[in-house]
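1. I'd like to go over a predicted model; first the sequence, then the structure.
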Number of protein chains: 2
Amino acid sequence: MTSKQFSSVWVREPRQSKAQGHGLSRDQIVRAALELLDAEGLEALSMRKLGAKLGAGATSLYWHVANKDELLELAYDEIWGDMPVPDPDTVGWKDTASAFAHGMRQAILRHPWAASLIGRMPAIGPNSLRAGDRLCRALVLAGFRGMDQDYAGSAITAYVIGTTIPEVAWRSMSQAAGYDTESMREIVKMAAADYPDLVARTEHLAGLDERAVRAVNFDFGLLCVLDGLERRLGS
Amino acid sequence: MTSKQFSSVWVREPRQSKAQGHGLSRDQIVRAALELLDAEGLEALSMRKLGAKLGAGATSLYWHVANKDELLELAYDEIWGDMPVPDPDTVGWKDTASAFAHGMRQAILRHPWAASLIGRMPAIGPNSLRAGDRLCRALVLAGFRGMDQDYAGSAITAYVIGTTIPEVAWRSMSQAAGYDTESMREIVKMAAADYPDLVARTEHLAGLDERAVRAVNFDFGLLCVLDGLERRLGS
DNA sequence: GACAGACTCGTACACTGTGCGAGTGGATTT
DNA sequence: AAATCCACTCGCACAGTGTACGAGTCTGTC
């Protein structure tokens, strides 16, 4: 019944500020939060810890930010800031989409905590929208119209986040366990002992570098999506 | 430093039990947890509330379950239990993969809280593995060998979870806001006001049924992935 | 009747986000 | 110069969380 209300920093005018500038500032808080998130992860970020890092009381932050979720929204959008997307007019829609996908994946891999936020807050911040617009333009240029344009866009982003979320999950789990890749694979192999096909699937991974495999995996699937999209351009 | 240790219910023998059966049981606890999760969502599940629902003390649960995360692992795996996957030998790999994808999507939509768990725990429970094995068999039958088999499998699952996570996120946000779909779209439209292409993208959604659009969207992208996979069978 | 071991549970601890209201210090107005 | 105002800080308190611990209870076996 008393479900948490939905709201977003992006939909609401900010506090009228005189910008006295001698104390905390919103940018400063977001920057510190990003550092903490990158260094210690999402669960390690608490308002008290963040306050301490800034030499301020925990509740002082609440003047600049309505609540923790809004702070996370701000930090989350920051991630998409340095996503390089080429000009679709010069390199073509497929290369643009591919660069978009790779950039998005890298952004998440660089800030693994963001993976946990994907399903929790709307991606409607300025950076996120700018990147989305770029992709959108590429798809229009490709020839997608109306609904197909939406569908194509979400197919690409869906593929990226669907690949990357499990990837960072795997990384953080093996890191937390202090295990190397091989031992982790062994665990999965044991769990799957009853299914010979699955065991085989883990066996031909033996000795391979996890990250390299993931990268190839990503390119493989991305190519499938893009090929499939191209084919649907005909109809 | 004191990062949370990785462990899994599935990798560890259960407590030796005489199954006296007069009090709580693990199955009972998991069932109750599922009910609570389905009814009120992930954040609403607390050990105390779950205990109360079972007429037991909160800490009594800890005899049957090592900690909350393990309980969630158990509940999480339950979800994949009723995922119908046809026999690849009779319907062909593409239809099998498609049924797998649709089943997976439905499972998540029926239990939206599970979306938040996807990146948080390994899917190596029995139900999850059984479903995975089915998909794997279909891909072998299709002709994928070695690495390609892995790649194909993760392309499909990645697409599904990448589509479904934002879908349940959108649903839960509009529900929490008490807004109808149209108002939510209006919000996004305002946020994206600076990008005419994005505005247009929301505009041709006007008046359409959200769920129906999502369904068509899903099929569109899935077809792309499967087409792309088929094409890669040639090389 | 004694013992063991399966199980329950109240208390306590360290932690979380954040509402509230009192306090501070610099700028603006009178 | 005095008064007022308001942006901002922060200590306290509250309700909630997961769960470690240790004492207690109940049941089946010898």
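-> That came in fine, so what should we check first?

2. And chain B, is stretch A:65-75 touching that?
-> No: looking at stretch A:65-75 against chain B by Cβ under 8 Å from any Cβ of the partner chain, there are no contacts, and the closest approach is 11.4 Å. C-beta here means a position set from N, CA and C on the backbone, and glycine is covered the same way.

3. tell me how far stretch A:84-100 is from the chain's mean position?
-> From the chain centre to the centre of stretch A:84-100 is a distance of 19 Å (Cα atoms, centre = their mean, to the nearest Å).

4. Endpoint to endpoint, it covers what distance?
-> By Cα to Cα, to the nearest Å, the extent of stretch A:84-100 from end to end equals 7 Å.

5. where does chain A have low pLDDT?
-> Within chain A, the segments meeting pLDDT under 70 span A:1-5, A:16-21, A:235.

6. Could you see whether DNA strand D lies near the longest helix belonging to it?
-> Longest helix in chain A by number of residues (criterion: DSSP state H): helix A:146-177. No: Helix A:146-177 stays clear of DNA strand D (Cβ under 7 Å from any atom of the strand), getting no nearer than 13.7 Å.

7. Give me the contact list for the following helix or strand past that helix.
-> Counting by DSSP states H and E, the next helix or strand C-terminal to helix A:146-177 is helix A:181-191. With contact meaning Cβ atoms under 8 Å, 6 or more residues apart in numbering or on different chains, helix A:181-191 is reached by A:170, A:173-174, A:177, A:179, A:199, A:202-203, A:205-207, A:210, B:8, B:10-11, B:122, B:124, B:129.

8. Relative to DNA strand D, which residue of chain A is the closest?
-> A:G23 (2.3 Å; Cβ to the nearest atom of the strand).

9. Now do the SS call for that residue.
-> Secondary structure assignment for A:G23 (DSSP: H, G, I helix; E, B strand; the rest coil): coil.

10. which element is A:G234 on?
-> Applying DSSP H and E, one finds A:G234 in no helix or strand.

11. same question but for A:R201, I mixed them up
-> Going by DSSP H and E, A:R201 is part of helix A:196-203.

12. And whichever helix or strand comes after that helix, what does it pack against?
-> Downstream of helix A:196-203, the first helix or strand assigned by DSSP H and E is helix A:210-232. Packing partners of helix A:210-232 (3 or more Cβ pairs under 8 Å, 6 or more residues apart in numbering or on different chains; DSSP states H and E): helix A:93-110, helix A:146-177, helix B:146-177, helix B:210-233.

13. Please produce a markdown table containing these, extended by mean neighbour count.
-> Converted to a markdown table, the helices and strands packed on helix A:210-232 look like this (neighbours: other Cβ atoms under 10 Å in any protein chain shown):
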| stretch | mean neighbour count |
| --- | --- |
| helix A:93-110 | 20 |
| helix A:146-177 | 21 |
| helix B:146-177 | 21 |
| helix B:210-233 | 19 |
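
14. So which of those is nearest A:A192?
-> helix B:146-177 (12.9 Å; Cβ to Cβ).

15. how much distance is there from that closest one to the middle of the chain?
-> The answer for helix B:146-177 is 8 Å, by Cα atoms, centre = their mean.

16. and the angle from that helix to helix B:210-233?
-> 170 degrees (axes from the mean of the first three to the mean of the last three Cα atoms, to 10 degrees).

17. So is helix B:146-177 next to DNA strand C?
-> No: residues of helix B:146-177 contacting DNA strand C under Cβ under 7 Å from any atom of the strand: none, with a closest distance of 13.7 Å.

18. And the closest residue to A:L54 other than its chain neighbours, how close does it get to DNA strand C?
-> Spatial nearest neighbour of A:L54, excluding adjacent residues (Cβ to Cβ, 6 or more residues apart in numbering or on different chains): A:A32 at 5.4 Å. Here A:A32 is placed at a distance of 14 Å from DNA strand C (Cβ to the nearest atom of the strand, to the nearest Å).

19. If you count neighbours, what's buried in stretch A:190-205?
-> Within stretch A:190-205, the residues scored as buried using 16 or more other Cβ atoms under 10 Å in any protein chain shown are A:191-192, A:195, A:197-198, A:201-202, A:205.

20. one step back: so what touches the helix holding A:R201?
-> Outside helix A:196-203, the residues touching it (Cβ under 8 Å, 6+ apart) are A:185, A:188-189, A:192-193, B:129, B:132-133, B:136-137, B:140, B:149-150, B:153.

21. host element of A:S8?
-> Per DSSP H and E, there is no helix or strand for A:S8.

22. what's near enough to touch A:M104?
-> A:80, A:83, A:131, A:157, A:160-161, A:164.

23. actually A:T157, not the one I typed
-> A:T157 neighbours (Cβ under 8 Å, 6+ apart): A:104, A:135, B:162.

24. centroid residue for chain A?
-> A:I108 (3.9 Å; Cα atoms, centre = their mean).

25. How about that one, nearest residue that isn't a chain neighbour?
-> A:T164 (4.6 Å).

26. Surely that neighbour and A:R105 touch.
-> Yes: counting by Cβ atoms under 8 Å, A:T164 does reach A:R105; the two are 5.2 Å apart.

27. A:S154 and DNA strand C: what is the separation?
-> Where DNA strand C is concerned, A:S154 sits at a distance of 30 Å (Cβ to the nearest atom of the strand).

28. what's the spacing between that residue and A:V91?
-> 22 Å (Cβ to Cβ, to the nearest Å).

29. on that earlier part again, got the angle for the longest helix of chain A vs helix B:196-203?
-> Using the same axes, to 10 degrees: helix A:146-177 against helix B:196-203 is 100 degrees.

30. Could you look up the SS state of A:R12?
-> coil.

31. try the one 3 residues further on
-> Counting by three-state DSSP, the backbone at A:R15 sits in coil.

32. burial count for it?
-> 10 (other Cβ atoms under 10 Å in any protein chain shown).

33. So A:A44, which state does it fall into?
-> Going by three-state DSSP: A:A44 is coil.

34. about what we covered before: show me which of the contacts of A:T157 is closest to DNA strand C.
-> For the contacts of A:T157, the nearest to DNA strand C is A:M104 (26.9 Å; Cβ to the nearest atom of the strand).

35. Next one: that closest one from chain B, what distance?
-> Remark: distance between A:M104 and chain B (Cβ to the nearest Cβ, to the nearest Å) = 11 Å.

36. measure that residue to A:R110 for me?
-> 11 Å.

37. what residues does chain A put near DNA strand C?
-> A:20, A:22, A:45-49, A:58-59, A:62, A:67-69.

38. Most neighbours among those, which one?
-> A:L45 (21 neighbours).

39. need the contact list for that residue.
-> Applying Cβ under 8 Å, 6+ apart, the residues contacting A:L45 are A:33, A:36-37, A:113.

40. okay, the residues you listed in JSON lines with secondary structure and neighbour count next?
-> Below are the contacts of A:L45 laid out as JSON lines (DSSP: H, G, I helix; E, B strand; the rest coil; neighbours: other Cβ atoms under 10 Å in any protein chain shown):
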{"residue": "A:A33", "secondary structure": "helix", "neighbour count": "24"}
{"residue": "A:L36", "secondary structure": "helix", "neighbour count": "19"}
{"residue": "A:L37", "secondary structure": "helix", "neighbour count": "23"}
{"residue": "A:W113", "secondary structure": "helix", "neighbour count": "24"}
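
41. Having no further points to raise, I will conclude here.
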